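1. sequence plus predicted model, see below.
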Amino acid sequence: MDLDAARGRISKVDRQVVELLNERARLSLNVGAAKRQSLKEQGVSGKPEVYVPGQEKQVFERVRGFNQGPLSGESISAIYREIMSASISLQSEVSVGYLGPPGTFSHQAAMKRFGESLAYVPYTRIEDVIAAAAKEEVTYGLVPIENSTFGVVVQTLDAFVCQPLVKIRAEVHLPVTQSLLSRYQLSAIRKVYSHPQAFGQSHAWLDAHLPNVTRVEVSSTAKAAELAASETYAAAICSEVCASLYQLDVVASNVTTSSDNTTRFFVLGQSSDKQSGDDKTLLMFTVDHREPGALCSALNVFAKFKINQTAINSRPSRQRPWHYMFFVEIIGHELDDNVSSALDEIKKYCLDLVVLGSYPRQFY
Ligand SMILES: O=C(O)C(=O)C[C@]1(C(=O)O)C=C[C@@H](O)C=C1
């Protein structure tokens, strides 16, 4: 086929693609109407949940299954991310809060999960993102929960203690590469700004290459980039995305200690999704330390109901000294029979127990 013929065929296919995209969009509007009707019939007020992570997971798996190439599975997912982003924005006006300013890894994780068609709202602190999601100032909030190199994000766990009503709706995994950005060359740098998590992921490189340079912790990696752009002899540890956003140069690319550095984020909203068949649940509880073995008794309940625990963390409860809030992530959905029986039984050993949410297991 010659060039003109191939371009002519592409033009015809584009017409069909656009027609099909609009056919899908009309069906998505029908889905929105059916969700509203169903709430009305149940006598529930408020808007239906437009972002349904379990359904999206099925769509991604299905379309990647249909794919015979030459497009890669990643390309199909990226195209469908935008199709579903447009689909969400057709059904409702959706906003997503994240730890700003633009260019943070939270921003990138939010874009990865929600695409280009939604409104993104930056907040200065993780606590503010969680409060905004709890108050419905934004439809959804996205917060980091843990990094594979540096561990749990304590600000997020501590903020859950103050906002126990917010619900986890989904998890997002984002590969993270930290880089050193500045307007100056390496030998001229006198100060490095970053978020404590990013310093934790790149300390070996900093110890080796900038051992006597002051490290200043700030609220986010993109805030660090903003400061580095406005001060003499300053640099930031942040994403390379910040180079064009804040007019900085990449002085050293990938200064991350671990080669498969990944951060896991939660999407927060007013409710969790229904069972997807492959879910996780995050619990927050305190136990009575005057009872010997209280924590052990609580955790034994999961073993009794054959429930796998994937993570356990503790934070000071801030109510009494040496009194802890435990965060346990388990396999299964709050509504699964074995999980719901375990939750009934574990309450006997807990002073208080909050289910922070159930969400489909994601590996991407
Ligand atoms: O199935 C739904 O609930 C929809 O709203 C449709 C749809 C889609 O476009 O496929 C859009 C958004 C949801 O997050 C999941 C799926």
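-> Ah, there it is. Numbers count the residues shown, from 1 in each chain.

2. name the nearest residue to Thr139, sequence neighbours excluded.
-> Val94 (4.6 Å; C-beta to C-beta, 6 or more residues apart in numbering). C-beta here means a position set from N, CA and C on the backbone, and glycine is covered the same way.

3. the one you found touches Ser87, doesn't it?
-> No. If you go by C-beta atoms under 8 Å, Val94 and Ser87 don't touch, sitting 10.7 Å apart.

4. and those two? Which one has more around it.
-> Counted by other C-beta atoms under 10 Å, Val94 and Ser87 do not tie: Ser87 has more neighbours, with 23 against 18.

5. just the pLDDT at that one, thanks.
-> Ser87 is assigned 96 on the pLDDT scale.

6. hmm, it is touching Ser28, no?
-> Yes. Contact criterion C-beta under 8 Å: Ser87 and Ser28 qualify, at 4.1 Å.

7. what residues does this protein put near the ligand?
-> Selection of the chain residues close to the ligand by C-beta under 6 Å from any ligand atom yields Ser28, Val31, Val50, Tyr51, Val52, Gln55, Glu56, Val59, Met84, Ser87, Ile88, Gln91.

8. show me which of those are buried.
-> Ser28, Val50, Tyr51, Val52, Glu56, Met84, Ser87, Ile88, Gln91 (16 or more other C-beta atoms under 10 Å).

9. ok, now how distant is the last one from Ser85?
-> I take that to be Gln91. The gap separating Gln91 from Ser85 is 11 Å, by C-beta to C-beta, to the nearest Å.

10. can you check the fourth one too?
-> As defined by C-beta to C-beta, Val52 lies at a distance of 13 Å from Ser85.

11. what do you get for Pro321?
-> Distance, Pro321 to Ser85, by C-beta to C-beta: 47 Å.

12. tell me which of those two has more neighbours.
-> Remark: of Pro321 and Ser85, Ser85 carries more neighbours, 19 against 7, as counted by other C-beta under 10 Å.

13. sorry, back to before: contacts only, for the residue nearest to Thr139.
-> Counting by C-beta atoms under 8 Å, 6 or more residues apart in numbering, Val94 makes contact with Val50, Tyr51, Ile88, Phe114, Leu118, Ala119, Thr139, Tyr140.

14. among those residues, name the ones in helices.
-> Ile88, Phe114 (DSSP state H).

15. out of the contacts of Val94, which one sits closest to Ala198?
-> Using C-beta to C-beta, Phe114 comes nearest to Ala198 of these, at 23.1 Å.

16. for that closest one, what are its contacts?
-> With C-beta under 8 Å, 6+ apart, Phe114 has these contacts: Tyr51, Ser85, Ile88, Val94, Val96, Tyr140.

17. would you map out the domains in the chain?
-> Taking automatic domain parsing as the reference, the chain has its domains at 1-92, 179-260, 272-360.

18. comparing those domains, which comes out most buried?
-> Comparing the domains of the chain by mean neighbour count (mean count of other C-beta atoms under 10 Å), domain 179-260 ranks first with a mean of 19.

19. chain center to that one, what's the gap?
-> 23 Å (C-alpha atoms, centre = their mean, to the nearest Å).

20. what helices or strands is whichever strand or helix holds Leu21 leaning on?
-> Using DSSP states H and E, Leu21 sits in helix 3-41. Packing partners of helix 3-41 (3 or more C-beta pairs under 8 Å, 6 or more residues apart in numbering; DSSP states H and E): helix 73-91.

21. what comes into contact with the helix it packs on?
-> Residues from elsewhere that reach helix 73-91 (C-beta under 8 Å, 6+ apart): 21, 24-25, 28-29, 31-32, 50-51, 56, 59-60, 63-64, 67, 71, 94, 112, 114-118, 364.

22. just the angle for it relative to helix 3-41, thanks.
-> Here the directions of helix 73-91 and helix 3-41 differ by 50 degrees (axes from the mean of the first three to the mean of the last three C-alpha atoms, to 10 degrees).

23. how much space between Ser11 and Ala5?
-> Following C-beta to C-beta, the distance that separates Ser11 from Ala5 is 11 Å.

24. secondary structure class for Val143?
-> strand (DSSP: H, G, I helix; E, B strand; the rest coil).

25. burial measure for it, as a count.
-> So Val143, with other C-beta under 10 Å, has 27 neighbours.

26. wait, what's in contact with it?
-> Contact analysis of Val143 by C-beta under 8 Å, 6+ apart lists Tyr98, Leu99, Ser106, Ile126, Val129, Ile130, Val153, Thr156, Ala159, Phe265, Phe266, Leu268.

27. Tyr98 reaches Thr104, doesn't it?
-> Yes. Tyr98 lies in contact with Thr104 (C-beta under 8 Å); the separation is 6.8 Å.

28. more neighbours, the two?
-> When neighbours are counted by other C-beta under 10 Å, Tyr98 and Thr104 differ, and Tyr98 comes out ahead with 30 against 27.

29. ok, now which ones touch Ile189?
-> Ser182, Leu210, Val213, Tyr233, Ala234, Ala235, Val251 are the contacts of Ile189 under C-beta under 8 Å, 6+ apart.

30. how about CSV for those, with pLDDT and secondary structure added?
-> Below are the contacts of Ile189 laid out as CSV (pLDDT from 0 to 100; DSSP: H, G, I helix; E, B strand; the rest coil):
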residue, pLDDT, secondary structure
Ser182, 98, strand
Leu210, 97, coil
Val213, 97, coil
Tyr233, 98, coil
Ala234, 98, strand
Ala235, 98, strand
Val251, 98, strand
